[in-house]
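In: everything below, folded, please.
(chains A and B)
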Amino acid sequence: MNQLMIKQFLRTRTFQFGLILILLLGLISIITGRQFLNDQRERISHVVEKQEGHIARNIEFHGDDLGLLLYYLKFSLVKKQSPLVALSIGQNDLNPSIQSVKILALEGQKYDTDLVNPTKLLFGNLDFSFILVYVFPLLIIAFTYNLLSEEEESGTWKMVSVTVQSKLKFLLSKLLVRLISLLAVMSFLFIAASLVLDIPWNEAFFAFYMIGVLYQVFWFAICFWVICLKRNSSFNAVVLLFFWLMLVVLLPAVVNNAVTNRYPVPEALTTMIKQRDGYHQKWDTNKRETLVKFYKSYPQFESFGFPPEEGFNWLWYYAMQHLGDDESVEESKAMASKIIEREEMSKQIGQFFPSMYALLTFNELAETSLVDHMSFLERTNKFHEDTRLYFYPKIFSESTADDVEWEKFKPKFYEGRNQSFSWTGLLPLASVILFFIGLSAFMYRRNFVSIAND
Amino acid sequence: MRREVLLLIARQFWVSTFKSKGIFLLMGIMVVLLVYAVYSGVGYHDQNHFRIDHQEKARESWEGNPDKHPHRMAHFGTFAFRLKHPLSVFDFGIESYTGNAVFLEAHRQNVANFSEAGFSTGLLRFGELSMGMILQMILPLIIFFLGYASIVSDRENGTLKVLLTQGASWKEILFGRSIGLFGISCLFVIPFLVVTAILLILEEHSVDDQWVRLSFLSLSYIVFSFVLSLLTISVSARSQSSKSALIKLLGLWLFMIVILPRASQALGTYFHPSPSKLEFRAAIEEEIIQYGDSHDPNDEHFAALRDSVLRANNVDSISQLSFNYGGLVMREGEKISASIFNEHQQQLVSIYRDQNQLTRSLILLNPYLAIKNLSMTLCGTDFESYVDFQNQAEDYRYSLAQKMNELQIKYISPKRVSGSEGKVYVVDKSEWKAFPDFKHQFQNIQHSLENELISIVSLLIWLVLAVWVILYLSRKSTAL
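Out: Numbering: from 1, shown residues only, chains lettered A, B, ... in the order given. As a prediction, the model looks like this:
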């Protein structure tokens, strides 16, 4: 009986068409993911390779004037890429994973987003997480919406219901055949992805997979509930598509619009202007004032004193640069905290909606979320300060390039937030699944059992 | 075709649709979506206030500069803030994915930064809810849903036969139902257009051609919904059962609207890789280095220029010239670096156009893509409008840098060979005020429509095609 059911299902046109579609899209998603990851890796290794040469070339030109040399030098901080990035590109296409900064004012340097075709961003990435969240539910709907209604409409249900021992078992095993087939297709894609992209089978990958599985189960639970309503195929198709539209298109858009409007970030623009004014206006004020402010931030350099008011001086120049950052720090912090609030709000609302939960968590697992980028920026601040504090005394004491231990200045790597996956975070999703299973059981009793008793 | 029969059939379709409760539910949903889209659109558009404020703030501190060496002002620079088009309340287009502000300074072309996308969570990638998005994506579903059964269910229950024996022709039935369905779809479309018109009236910053744009926009959506109505009726007439009509239409929707555009854009991008910002910058810098450092009046690469200038003026050193030579070198340098940058920028834009080409070539096959592109263009939120903004910002940046170089050549003593600090070699601050501020100009409608000619052609082809299909079906259809 079950074998027959499997064969029967596998022979349907819907299944065959669905299988081809999902394999094709899955393949596209894996190759675009691989292209993305390879590009990222290439860029990183390029930066790592080039830094030494970049420093050496500039030393050749400006080695006798350290102040001038550091005006040209860029130092790189690289965010390590987990191979999971290829599965869930998230915000990583836009937010670069390399920061190459000079020890000049940082605010004007660190927010540069990468160059991406905005039309591509509009249509969205076709990465694996998109296939899981967006396309799989459509297949589940296509495979199950007429699971029972088709039998009723073609008149076979009456016959089935007298021949099978348990109608519930019959429905469940039909459903199970579809669930298992789809999970098998999904697992196949996961394995293919892990082989093509060299993803280690670690906790993050396992968590990624488990969310995938639970998310499919969630859609099956909804479909089961709709089936138990015992209405006709057209009704089922419309209701299920409505659910899909709500969960995958409308609600996330509603939440995103709400978050954007709730936390506008004009501070981004203010920071930019303040940083410029903070730095440039120092050219017109006297040097002493500038340095007094600078020594307030870094009293350890006070011994370098005050340069003459006439003429150019590197101590003064770097102090001006620093004050650009210093005078925009308030706006910069306000902006960062607003951005974190955006993510918090999205996550809080998202946890109750499996589609949003899945996508946001995929991004977290791949470390491609907004918060991951903010923590990278945080680290950039520290990296920038460390570099500055190393060079400041050397520049101020008019040292030359020979006094610098250049081997220390290889590109640094940022390992990411290294958060372990919170398995309890799955509870809301699990409860939603249980809720729909309960609802299905209730509907089943109402629509199937009582009629049988009549 | 008799007019009164046509209208009678249309009216009958209308009346029977309103007999079911479903239509009111759909209208309720659309009203909720409309209200939310308006709320979001107005909120998004309010960002203009921030941008205008900041443009003014930036200008204020520009004008507030004291007497200075003009090269300091060239680096003080200014900002170009991108303004949202008044019609962007209707269709957000690519607005959220493009940078909002550029810092403009001498010999450095900064990219437009601070896009909304950079500050957004992963949820943005699900898409945004705008009035345009609802009409492009949800309206087709509603039309399909209201019309899928219109012919086929009458065939199923035999009323079609009755209708035909009463003297109505197939042509009248199919067109009549299409008109009925189209009439109902207008009930959904028109509120969106009316609300947009009201928002335009309320908006203080208007653009000259906004009403022409809105008229074209309205016309496009009306044609789009008429095409959808005709197609729905055709599918219904061709289907064996109402269930199969519904499934066909839903499948069509998923494929044309959900799957195909994303897949084609992903493939287009895959086949035309574009450089990252680091690569883009490095390529430009490398090319500029070959021309030497225009900051350094003793630069060897500019030696030929110096020698010819000295010879022409019959002097032996640059400090004997009657003008400031440093400014002249920087003017040359700016010219060279700007042309190198523009070349690379154009290459980048053309790579992006190549990436978009696959999807654009599907416009003729997919009326959804046609209306989507046309709508963005008419709302000033499309790719070309963004490129136009970038060009305007770069033109302004160039003229600002060159103006400062001119001031240096003219007013700074030739004795000041290099360096720009201090209060001795300066230009009067009235010059800062005299240089006009950046003002973002929107593209005119003619330009926009030329860019989207293919979408207009596509909608018209689909209109003709859909009418033809109905005519064809009126000869082929059977009542059984």
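In: list the contacts of the spatially closest residue to B:Ile412 that is not a sequence neighbour.
Out: The shortest distance from B:Ile412 to any non-neighbouring residue, by CB to CB, 6 or more residues apart in numbering or on different chains, is to B:Asn324 (4.3 Å). (Each C-beta comes from the backbone N, C-alpha and C, glycine too.) Counting by CB atoms under 8 Å, 6 or more residues apart in numbering or on different chains, B:Asn324 makes contact with B:408-414, B:416.
In: could you pull out the strands for chain B?
Out: B:78-81, B:101-105, B:108-109 (DSSP state E).
In: the last one vs chain A: in contact?
Out: Which is strand B:108-109. No - residues of strand B:108-109 are not located near chain A by CB under 8 Å from any CB of the partner chain, the shortest gap being 10.6 Å.
In: ok, that strand: who's next to it in the sheet?
Out: strand B:101-105 (antiparallel) (DSSP bridges).
In: what comes into contact with the partner strand?
Out: So strand B:101-105 is contacted by A:108, A:268-269, A:272, A:276, B:51, B:54, B:74-82, B:110-114, B:390, B:393, B:396-397, B:400-401, B:438 (CB under 8 Å, 6+ apart).
In: the same query, at a cut-off of 7 Å, please.
Out: Strand B:101-105 is contacted by residues A:108, A:269, A:272, B:74-75, B:77-81, B:110, B:112-114, B:393, B:396-397, B:400 when judged by CB atoms under 7 Å, 6 or more residues apart in numbering or on different chains.
In: what distance do you get for the residue nearest to B:Ile412 to A:Gln348?
Out: Taking CB to CB, to the nearest Å as the criterion, B:Asn324 is separated from A:Gln348 by 61 Å.
In: swap in A:Cys228?
Out: Taking CB to CB, one finds A:Cys228 at 32 Å from A:Gln348.
In: can you get me a residue count around B:Asn314?
Out: 7 (other CB atoms under 10 Å in any protein chain shown).
In: what sits against the closest residue to chain A within the stretch 351-480 of chain B?
Out: Closest to chain A within the stretch 351-480 of chain B is B:Tyr352: 4.2 Å, counting by CB to the nearest CB. When contacts are counted by CB under 7 Å, 6+ apart, B:Tyr352 touches A:117, A:119, B:274.
In: next one: A:Leu389
Out: Contacts of A:Leu389 by CB under 7 Å, 6+ apart: none found.
In: just the element for it, please.
Out: helix A:370-396 (DSSP states H and E).
In: that helix: what's the following helix or strand?
Out: strand A:412-414.
In: what mean pLDDT does that next one get?
Out: Per-residue pLDDT over strand A:412-414 has a mean of 93.
In: strands paired with it, and their directions?
Out: strand A:75-79 (parallel).
In: circling back: could you measure from the residue nearest to B:Ile412 over to chain A?
Out: 18 Å (CB to the nearest CB, to the nearest Å).
In: any idea how far that residue lies from A:Phe206?
Out: 68 Å.
In: over to A:Met443?
Out: 34 Å.
In: if we can go back for a sec, from the contacts of B:Asn324, list the buried ones, please.
Out: The neighbour-count criterion (16 or more other CB atoms under 10 Å in any protein chain shown) marks B:408-409, B:411-412, B:414, B:416 among the contacts of B:Asn324 as buried.
In: longest single helix anywhere in the chain?
Out: Going with chain A. helix A:13-62 (DSSP state H).
In: that was the other one, I meant chain B.
Out: helix B:325-361.
In: now find how far off-centre that helix is within its chain.
Out: 21 Å (CA atoms, centre = their mean, to the nearest Å).
In: same thing with stretch B:32-39?
Out: Distance, centroid of stretch B:32-39 to centroid of chain: 21 Å (CA atoms, centre = their mean).
In: buried stuff in it?
Out: B:33-34, B:36-38.
In: residue contacts, A:Gln204?
Out: That one is not Gln; residue A:204 is Ala. Counting by CB under 7 Å, 6+ apart, A:Ala204 has contacts A:82, A:84, A:365, A:421.
In: one more time with 8 Å, if that's ok
Out: Contacts of A:Ala204 by CB under 8 Å, 6+ apart are A:82, A:84, A:365-366, A:421.
In: equivalent analysis for A:Gly33, please.
Out: Contacts of A:Gly33 (CB under 8 Å, 6+ apart): A:85-87, A:89, A:127-128, A:193, A:197.
In: one more time with 10 Å
Out: A:83-89, A:125-129, A:193, A:196-197, A:366 (CB atoms under 10 Å, 6 or more residues apart in numbering or on different chains).
In: just those residues that are near chain B?
Out: Of the residues in these, proximity to chain B by CB under 10 Å from any CB of the partner chain holds for A:88-89, A:125-127, A:129.
In: now A:Thr380: closest residue in space, sequence neighbours ignored.
Out: That would be A:Gln99: by CB to CB, 6+ apart, it lies 4.8 Å from A:Thr380.
In: same thing with A:Leu126?
Out: Nearest to A:Leu126 is B:Ala266, by CB to CB, 6+ apart, at 3.7 Å.
In: that neighbour: neighbouring residues, count only.
Out: 25.
In: now do A:Ser166
Out: For A:Ser166, using other CB under 10 Å, the count is 9.
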